[in-house]
Structure formats: structure tokens, C-alpha cells
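A.B. asks: Just the structure for this:
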Amino acid sequence: MNILAISGSLRAASNNSALLRAVSRLAPPGIAVELFGDLGNLPLFNPDIEAAHPPVVARFREQLIAADAVIIASPEYAHGVTGSMKNALDWMVGCEAFVNKPVALLNASPRAVHAHASLKETLTVMSAVIVEEASIAVPVLGSSLDEEGIVAHPEISRRLIGALRSLDAAVCQLGKGNEKARGDSGLFI
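C.D. replies: Here you go, the predicted structure:
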């Protein structure tokens, strides 16, 4: 299973990015997690240039479509998602990159409930499948844990591995549902 991980933070010392890098390192065999590194390079969403397919937007779209699942970790700014995260999602509204895509939402700050709810609402409108069992809050903010500390922390690493397994199970379950929907002809009915 291939997972695309997206951090909503552009900070070099981001807790959310550290959390996603730790998830990548903790991934069990058969699960690959790739962190999308160009969030800050996406131009501001503008429908007038959408048809021009800016290269970084096209790469982002291709990576989303190719991924079996997506993990998003985003901080909360003023009770909302970051501008960079919202911008990235806005670029994907006009395509089907998130349609029926299993998504896990990681929250590095359990008190960041507004951004988490907003992100969940936006992705649901985009027809993503939010995998609740894989969507967890991990108390990284204020803990002084960096990537190494997250990987080494027995409880946090156990929960992250569990989230990955739940996401993997959801991908398998959705895949079986899609096979049934296609019927014998291989076409959706």
C-alpha cells in the first residue's frame, strides 16, 4: 500500500511534519509512506490558471491519484486549517483525486479541534472516505518530542502503527467493495 502524507505546516521544525516522518519510519512491511514536500510551492489557487495545469499542481494531483490512501496532519491557526493546506485542497476540488480515497487525519495537538473538524468537513465534501479508526490525536505539541522521540515513544509509536493498520484495512475493504460494484464485466454497475 502506498500512502501520501501531507503536512499542513511549512515550518522547518513542524510537529506535524515530524509526526508524519515518524509514521513513515514506523510503517510495517508492505506499507510505504511518502511525505509530499511541495505544499509551500503550490501557487495560490486561481481558477483562471487551473486549466494551465501548473507543474507542481499536476505533480500533486498525480501523487494523490496514485496513492492508495492519504494521511494529513495539519496545525490549527485561528480555529482553522492553515492557508497552505486549504490552498492545496482548493486545487483538488475540480478533479477526483479525493473521491473514495481513504484518508486518516492525525492531530499533533489534541486541543486543535476546530482545524480537525474543518479539515474533516472539507474532505468529506470532496468525497474522501475519512477512516475514523486511523484518525488519531497524538500529544506531540508541548512534549519536546521530535521525530526520533516519536518513533522511540512506546505508546505513541504503537498508536501510529495501529492507525496505519486501520488505514490499510480500510483500503482493502474499499477495494473489495469496488470489485463487487464492477461485477463480472469489470465495469461499475
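A.B. asks: Which other helices and strands does the lengthiest helix in the chain contact?
C.D. replies: Of all the segments assigned as helix in the chain under DSSP state H, the longest by residue count is helix 154-182. The contact analysis (3 or more CB pairs under 8 Å, 6 or more residues apart in numbering; DSSP states H and E) places helix 154-182 against helix 15-26, strand 69-73, strand 102-106, helix 147-152. Quick note: C-beta positions are derived from backbone N, CA and C, even for glycine.
A.B. asks: List the buried residues for it?
C.D. replies: Ile156, Ser157, Arg159, Leu160, Ala163, Leu164, Ser166, Leu167, Asp168, Ala170, Val171, Leu174 (16 or more other CB atoms under 10 Å).
A.B. asks: report the angle between the axes of that helix and helix 15-26?
C.D. replies: Angle of helix 154-182 versus helix 15-26, following axes from the mean of the first three to the mean of the last three CA atoms, to 10 degrees, is 80 degrees.
A.B. asks: tell me the mean pLDDT over helix 154-182?
C.D. replies: What helix 154-182 shows for mean pLDDT is 85.
A.B. asks: re earlier: could I get the buried residues of helix 154-182 as JSON lines with distance to Ala58?
C.D. replies: Listed next are the buried residues of helix 154-182 as JSON lines, based on distance: CB to CB, whole Å:
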{"residue": "Ile156", "distance to Ala58": "35"}
{"residue": "Ser157", "distance to Ala58": "35"}
{"residue": "Arg159", "distance to Ala58": "35"}
{"residue": "Leu160", "distance to Ala58": "31"}
{"residue": "Ala163", "distance to Ala58": "29"}
{"residue": "Leu164", "distance to Ala58": "28"}
{"residue": "Ser166", "distance to Ala58": "31"}
{"residue": "Leu167", "distance to Ala58": "26"}
{"residue": "Asp168", "distance to Ala58": "28"}
{"residue": "Ala170", "distance to Ala58": "27"}
{"residue": "Val171", "distance to Ala58": "24"}
{"residue": "Leu174", "distance to Ala58": "25"}
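A.B. asks: Alright, calling it a day.
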